[in-house]
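S.K.: Just to be clear, the model below is a prediction. Sequence and coordinates:
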Amino acid sequence: MGMLENRPGRLQKLLFKVPVWLHKMGLGGWERLIGAQWMLITTVGRKTGKRRDAMVDVMDYDPATDTYYIEAAYGAHADWYKNIQSNPIFEAKVGRRKFKARAGALSTEGAGEMLVQFYRAKPAYTRSVMAMAGMKFKDEEELRLLGRNLTLLAIKPEKE
């Protein structure tokens, strides 16, 4: 149990690109039909300087603070995560909303609680996403412990 260590294979990488392509074609928001909300993140490559796209799950949104909460399936191993460590301002798109953003990490306790809240709101979706990442859990307590090993981020729009 714990954070997914294995990086995705070629087929998985291709499958992960499909939602990115759909968002770029202006079809962002369709994922709500399957009970999900995604964020398209565009970073600057830390080695190449080229624009790089990644799609992540929005676990929650707090309208009072205009904060999106997302999870990095591959944690610190994710290329986009490494890119925002080097270049902290990046582009984000949720549905039709596009903005410059900055990310901050949640505490381990906060991450565990966020994952449990996400599960309570979307149990079938949470189980399927966690299973795709190779993580299974019996109950909320086990999920809370799993969440403490994940990298959850608070994404806030940058003030222009």
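M.R.: Good, I have the coordinates. Residues are numbered from 1 along each chain as shown.
S.K.: for the helix or strand hosting Thr43, packing partners?
M.R.: Using DSSP states H and E, Thr43 sits in strand 38-44. Counting contacts by 3 or more Cβ pairs under 8 Å, 6 or more residues apart in numbering; DSSP states H and E, strand 38-44 packs against strand 51-62, helix 79-86, strand 90-94. C-beta: built from backbone N, CA, C; applies to glycine.
S.K.: Return the most buried member of those.
M.R.: Of all these, strand 90-94 carries the top mean neighbour count, a mean of 20, counting by mean count of other Cβ atoms under 10 Å.
S.K.: just checking, next helix/strand downstream of that strand?
M.R.: By DSSP H and E, the next helix or strand past strand 90-94 is strand 97-105.
S.K.: Now that following strand - C-alpha only, PDB.
M.R.: Extracted in PDB, the C-alpha atoms of strand 97-105 (Å, rounded to 0.1, in the frame of the first residue of the first chain):
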ATOM      1  CA  ARG A  97     -12.100  28.600 -16.700                       C
ATOM      2  CA  LYS A  98      -8.500  29.200 -17.500                       C
ATOM      3  CA  PHE A  99      -6.100  30.900 -15.100                       C
ATOM      4  CA  LYS A 100      -2.400  31.300 -14.000                       C
ATOM      5  CA  ALA A 101      -2.000  29.300 -10.800                       C
ATOM      6  CA  ARG A 102       0.400  28.400  -8.000                       C
ATOM      7  CA  ALA A 103       0.300  25.100  -5.900                       C
ATOM      8  CA  GLY A 104       0.900  24.400  -2.200                       C
ATOM      9  CA  ALA A 105       1.000  21.000  -0.500                       C
END
